[in-house]
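Q: I need the structure of the sequence given here:
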Amino acid sequence: MCRNTVGFLLVLCGVFAMAAGQASAAGNTIKVGIIAEMTGTFADHGKEMMNGIKTYMMQHGDSVAGKKIELIVKDTGGPNPDVAKRLAQELIVKDKVDILAGFGLTPNALAVAPIATEAKKPVIILNAATSIITTKSPYIARVSFTLAQVTAPMAEWAYKHGIRKVYTVVGDYGPGHDSEAAFKKAFTKLGGQVVGDLRVPMKNVEFGPYMQRVKDAKPEAVFVFVTSGELGIGIMKAYNERGMKQAGIKLITTGDVFDDAVMDALGDTPLGVISTHHYSADHKSPENAKFVADYKKVDSKLRPNFKAVHAYDGMAAIYAVAKQLKGDVSNGDKVMQALKGLKLNSPRGPIQIDPETRDIVQNVYVREAKKVGGKVYNVEFDTFNAVKDPGK
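A: Numbering: from 1, shown residues only. Next comes the predicted model:
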C-alpha cells in the first residue's frame, strides 16, 4: 500500500517507481529540473542561480558524455512549500527529469525531501542553507553552504581579535536560527559573552528600532545574519543612521549581508566591516578570474555572487557525475553514490561533497570590505581550511 508523504498525496506509488527507474524518455538527453524563486521578493535568488548555470554551460557546452543537457525551469514564486512539492511531482512524473536542482530557500527544499525519497530522485541544493536539509532525504546533496559553517569561524575570529561582548541579530527563519546557535556556541565556548539576541522578520523590516536596542545594550560588536539583498542594505543603513560605529560597536557578519550583488548599491558604507563567507568576487585564483570574466558575458550588470557560484558548481557536479556514469544518470542510487566524495576545483576554491553527510566541505574566508579599482569588494585576508558544518 502506498504511503502518503507529509500530507501531500502522491498520485500513485507505481508512477513514482516507474519514473525513478526509467531512463530519460528521449534517450539522448539528461533532464535537469530546476526549482527556483524566479519571481517575487526573492527573485534575485533564481536569477543569480540561473546566471551561474548559464555561465557553466557557456564554458563547457550543453552536452556531456554523449548526452544533451535539457533544463526545465519551474518558479515557486518565493517561499512556497506547497508549490515546490507540486512542481517536483510534475517534473518527476510528467517531465521525467533525471535530477532536481535549485532551491534558494529552505522551506522549498524541505518540502521536496520526502518526494525525492519516494521517487529515489537526486536533488542538488544550490543555495538553501539550513543544516538539517541533507538529513531529510538520502537523495539530497548540497553544493552551497550552511549558515553554521560560515558563522562559527566568525565567532572564532572575533574572540581571537579581542571582542568579548556581542549582541546577535538574525533573520527569524531556519538559517537565521542556525546562525544564532552556531555563533553563541562557538563564542561562549571560547569565553565570550552574548549580551542579547534579536530575531527579525524577513519582510517589511525597519531595522532602526532593532539597532537602537543593540546600541543601548553597549556591546563591543553586533553580529548580524539576514538573507542577502534588500535586508542587508537595510541593516547597513540602520547601523549607520544610529551612529553605532561612532559608539564603538563593531559590525561583524556572515557574507550574506555583503553579498557581492548588492555591494555597488551599498557604496562606501561597508568599508572596514569584517565578514566570513565561502566566496567573494575578489577571490584570487585562475578559476575565479575566468568565472568572473565569463559571468559578465551572461550578465553585464551584476557581479557574480555566492548563489551564482553555487549553481555553477552544481552544474559542474552534474557533468562530473554524468562522465563517471558514462551518461546514464537514470538510477538515483548510482547518481548519489557518484556525488558522495566528489571533489571539484571551484571558483571559490577546493570543495568536496562529504561522503557521509552529503554536505559541502569548503574553505571559509575572513574578509574586509575594501576599495579595489574604485569599488568596494570583500577582500579575503585569512582562511579557515576545509570547513564542515560544525554540527555534523
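
Q: so which helix or strand takes in V170?
A: strand 165-171 (DSSP states H and E).

Q: helix or strand next in line after that strand, which one?
A: helix 174-190.

Q: the first helix or strand past that next one going along the chain - contacts with which helices or strands?
A: As assigned by DSSP H and E, the chain's next helix or strand after helix 174-190 is strand 193-200. Applying 3 or more Cβ pairs under 8 Å, 6 or more residues apart in numbering; DSSP states H and E, one finds that strand 193-200 contacts strand 165-171, helix 174-190, helix 208-217. Bear in mind the C-beta positions are built from the backbone N, C-alpha and C, glycine included.

Q: any idea how far the longest one is from the chain center?
A: In terms of Cα atoms, centre = their mean, to the nearest Å, the centre of helix 174-190 is found 18 Å from the chain centre.

Q: stretch 29-48 now?
A: If you compare the mean C-alpha spot of stretch 29-48 with that of the full chain, they lie 13 Å apart, counting by Cα atoms, centre = their mean.

Q: what pLDDT, on average, does it get?
A: Confidence over stretch 29-48 (mean pLDDT, whole number) is 95.

Q: repeat for stretch 337-351
A: For stretch 337-351, mean pLDDT rounds to 98.

Q: same thing with stretch 199-216?
A: 90.

Q: flag every buried residue along it.
A: By neighbour count on 16 or more other Cβ atoms under 10 Å, the buried set for stretch 199-216 is 200, 202, 205, 207, 210-211, 214-215.

Q: redo these as TSV? Include distance to G162.
A: Conversion of those to TSV gives the following (distance: Cβ to Cβ, whole Å):
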residue	distance to G162
V200	27
M202	32
V205	31
F207	26
Y210	25
M211	23
V214	19
K215	20
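
Q: sorry, back to before: ranking the helices and strands packed on strand 193-200 by burial, who's on top?
A: Comparing the helices and strands packed on strand 193-200 by mean neighbour count (mean count of other Cβ atoms under 10 Å), strand 165-171 comes out on top with a mean of 24.

Q: sheet partners, orientation included, of that one?
A: Sheet pairing of strand 165-171 (DSSP bridges) gives strand 193-200 (parallel), strand 221-225 (parallel).

Q: how far out from the middle of the chain is stretch 350-358?
A: The chain centroid and the centroid of stretch 350-358 are separated by 15 Å under Cα atoms, centre = their mean.

Q: ok, and what's touching it?
A: Contact partners of stretch 350-358, identified using Cβ atoms under 8 Å, 6 or more residues apart in numbering, comprise 134, 138, 140-143, 313, 317, 336, 339-344, 359-363, 386, 388-389, 392.

Q: flag every buried residue along whichever strand or helix holds N51.
A: Element membership of N51, judged by DSSP H and E, is helix 43-60. For helix 43-60, the neighbour count (16+ other Cβ under 10 Å) marks 43-57 as buried.

Q: neighbouring contacts of that helix?
A: The list of residues contacting helix 43-60 from outside it, by Cβ under 8 Å, 6+ apart, reads 34, 36-39, 69, 71, 73, 75, 102, 104-105, 126-127, 228-229, 261, 290-291, 294-295, 297-299, 302, 304-305, 307-316, 319.
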